[in-house]
Every structure is written in structure tokens, then in C-alpha cells.
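Enquirer: Coordinates only, no sequence provided:
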């Protein structure tokens, strides 16, 4: 395994995660971005600023559960963001599994339709921010960063 889920995030990592959470939620609430786009854009700005903003358009079809209401767009956009930052198939797969496990523990499902039906109206901006923050935390963990950099 490349990292330990039990590693305690540094205060710097937690601050970065909070910045990403706030930024992704604000992007969603702005009306310019939907869930997948907001997560990808917030993480692109913090972790891969050299990647053009135009990449955000590649996840435009993921909003609202990819148009069918299935997998949450924030989770889909987050998965793309993990791959964009890491550029490593195996490490991306590991963190994607961790993201899905965390999300299911928090919301019970990854299905957009069910999440929206079983949560208060307006849950999407909040979970969009939470997904971005969680991914920033995962990417910023000291033990994981050392493995990525090394």
C-alpha cells in the first residue's frame, strides 16, 4: 500500500483541505460550475495550477449523476482530479477506492438520485465542498506525499 489511512494529517494539510472545501462549495454556488466541475477546478488550482482551466470542461457531462442520476458528479470529478494530480494509475486507483469508501460511509450511497432524495435540499454544494476537501486531505497527507515524491 502506498500510504496509511490512519496517518494524522498535518495542520498545513488540514488548512489546504479546508481551502479546497470552501473554494469548491463557492464555485458550485456561483452557478458557473456544477459539482464535478467545482471539485476538479478547486483541486486543479491548488495541486496542478499548470494544467489549463479548459480541462474542467472535460467533466461537464458528470453533473447530476452523468445525466442519468447515477454516480455523484462530485465523486466523478474528484476521481478525475486525483488522476490529474497523481499521473499514476495504481496510486489513482488506491485513492479512488479510499474516496468511494469514505463517501459511502458519509452518505450511504454514491448514487446522485438517492443522495438527493434522502438528504435535505441543497446538499449538493455542501457535499461538493466536502469531496474536494477530502481529496485535498488525502493528497496532502505527509506519508502519501513522500511516496508520491519519492
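Expert: Received the coordinates, thanks. Since this is a predicted model, take the numbers as computed values, not measurements.
Enquirer: so how far is stretch 46-55 from its chain's centroid?
Expert: Offset of stretch 46-55 from its chain centre (Cα atoms, centre = their mean, to the nearest Å): 15 Å.
Enquirer: And the residue nearest the centre of the chain, how close does it get to residue 26?
Expert: For the chain, the residue nearest the mean C-alpha position is residue 78 (3.3 Å; Cα atoms, centre = their mean). Residue 78 is 17 Å from residue 26, where distance means Cβ to Cβ, to the nearest Å. (Glycine included, C-beta is placed from N, CA and C.)
Enquirer: Over to residue 44?
Expert: Distance, residue 44 to residue 26, by Cβ to Cβ: 15 Å.
Enquirer: Where does the prediction get shaky in the protein?
Expert: Confidence mapping of the chain against pLDDT under 70 gives the ranges 1-7, 142-150.
Enquirer: let's see it at 50
Expert: Within the chain, the ranges that satisfy pLDDT under 50 run 1-3, 146-150.
Enquirer: still on that earlier bit, compare residue 44 and residue 26 (neighbour count), which wins?
Expert: The residue with more neighbours, out of residue 44 and residue 26, is residue 44; 20 against 15, by other Cβ atoms under 10 Å.
Enquirer: contacting residues around the more buried one?
Expert: For residue 44, the contacting residues are 51, 53, 55, 56, 81, 84, by Cβ atoms under 8 Å, 6 or more residues apart in numbering.
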